[in-house]
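[1] okay, structure incoming, though there's no sequence with it:
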């Protein structure tokens, strides 16, 4: 498996919007819900991967898009909802296009 390390996420942070670069979910947009260690993060999209069942991803398999302030504050306050995560990701997709 060969990929470009230039796009690999260096320092994961809660509330960061990332896109999957490897696996069956390649191209899917996620929000980082938790950082397990320097190699693994927990990602959620509020739909296929809700907050109560986040996806464990290797840091080197995701590409950072931007830091989402609403997601960061919602997750750190302890009151995020799947609907809020979906809305944040929808807004990010609209900005990107």
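    Received it, and whenever you're ready, just let me know what you need. The shown structure was predicted, so the numbers you read here are calculated from the model rather than taken from an experiment.

[2] every contact and neighbour count from this point should use C-alpha atoms.
    Noted.

[3] what sits against the closest residue to residue 49 other than its chain neighbours?
    Nearest non-adjacent residue to residue 49, counting by C-alpha to C-alpha, 6 or more residues apart in numbering: residue 55, 6.3 Å away. Residues in contact with residue 55 (C-alpha atoms under 8 Å, 6 or more residues apart in numbering) are 42, 43, 44, 49.

[4] ok, so of those residues, who is nearest residue 25?
    residue 49 (10.8 Å; C-alpha to C-alpha).

[5] in the chain, what secondary structure element scores lowest on mean pLDDT?
    helix 69-77 (a mean of 84; mean pLDDT, DSSP states H and E).

[6] what about the contacts of residue 55, which one has the most neighbours?
    In terms of neighbours by other C-alpha atoms under 10 Å, the contacts of residue 55 top out with residue 43 at 29 neighbours.

[7] strands of the protein, start to end?
    16-20, 29-35, 40-44, 55-58, 62-67 (DSSP state E).
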